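Q: sequence unavailable; structure follows:
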């Protein structure tokens, strides 16, 4: 009997350490996704360019580069914002989730939602990377000029948002693996518990 109590105490200690590790990863993923959302959402640069010269008088035009001008960047902001909200809710579930464990489905729902958010942040980041590459290099076949030579600050802030988003993606992948492992361990413990009962 003492051996079983010792095993239970060791398992409880491991479970608590694993829970705090997952909580810390979720907090960092929340901060990375929130940073990506805010940096891209506030990304704006206005510049006055000379488009023609009539005689000796230059003709100026003022242009503004904003994330709203590109649907891929809008999707990026929405995707990272949703992942931020997801991680914030999951932090609350980790802290207070034992009260809401409906028939042991909590771990399954968390694992499924984590995988969905990995796909969401991956899609948003990759769409934004495509548009960033187009803005940096242009496309000579479609005759689209590059804009990063004119709107350098806009492109630099976008690059920072992309780095934060890919950090959030890497963390969400790790969190998803840990969530699946917790689900499998929970399932194995439930099966072992039922096998021991007469």
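A: Looks like it came in fine. Here the structure is a predicted model, which means the values were calculated and not measured. Numbering: from 1, shown residues only.
Q: please make it C-alpha for all contacts and neighbour counts, starting now.
A: Will do.
Q: which strands and helices sit next to the lengthiest helix in the chain?
A: Ranked by residue count and defined by DSSP state H, the top helix of the chain is helix 152-196. Packing contacts for helix 152-196, counted by 3 or more C-alpha pairs under 8 Å, 6 or more residues apart in numbering; DSSP states H and E, involve helix 2-41, strand 44-54, helix 106-137.
Q: check which element follows the second one along the chain.
A: Of the helices and strands lying after strand 44-54 in sequence (DSSP states H and E), the nearest is strand 57-66.
Q: so what does that following strand touch, helix or strand wise?
A: So strand 57-66, by 3+ C-alpha pairs under 8 Å, 6+ apart, packs with strand 44-54.
Q: list the buried residues of the strand it packs on.
A: Residues 44-45 are the ones in strand 44-54 that count as buried (16 or more other C-alpha atoms under 10 Å).
Q: now it, how far from the centre of its chain.
A: 36 Å (C-alpha atoms, centre = their mean, to the nearest Å).
Q: before we move on, what about stretch 139-149?
A: Mean C-alpha position of stretch 139-149 versus that of the full chain (C-alpha atoms, centre = their mean) differs by 29 Å.
Q: and it, which residues are buried?
A: 146-148.
Q: which stretches of the protein aren't confidently modelled?
A: Low-confidence segments of the chain (pLDDT under 70): 1-18, 97-104, 187, 189-198.
Q: re the thing from before, which of the helices and strands packed on helix 152-196 is buried the deepest?
A: Of all the helices and strands packed on helix 152-196, helix 106-137 has the most neighbours on average by mean count of other C-alpha atoms under 10 Å, namely a mean of 19.
Q: what angle separates the longest helix of the chain from strand 44-54?
A: For helix 152-196 against strand 44-54, the angle by axes from the mean of the first three to the mean of the last three C-alpha atoms, to 10 degrees is 150 degrees.
Q: now the phi/psi pair for the residue lying farthest from the centre of the chain, please.
A: Computed with C-alpha atoms, centre = their mean, the residue of the chain farthest from its C-alpha average is residue 55, at 52.6 Å. Main-chain dihedrals, residue 55, degrees, to the nearest 10: phi 70, psi -110.
Q: 716 is where my numbering starts, stick with that
A: Sounds good: first residue 716 from here, last item residue 770.
Q: dump the residue contacts of it.
A: If a contact means C-alpha atoms under 8 Å, 6 or more residues apart in numbering, then residue 770 has no contacts.
Q: quick one: it from residue 777, how far?
A: According to C-alpha to C-alpha, to the nearest Å, residue 770 stands 20 Å off from residue 777.
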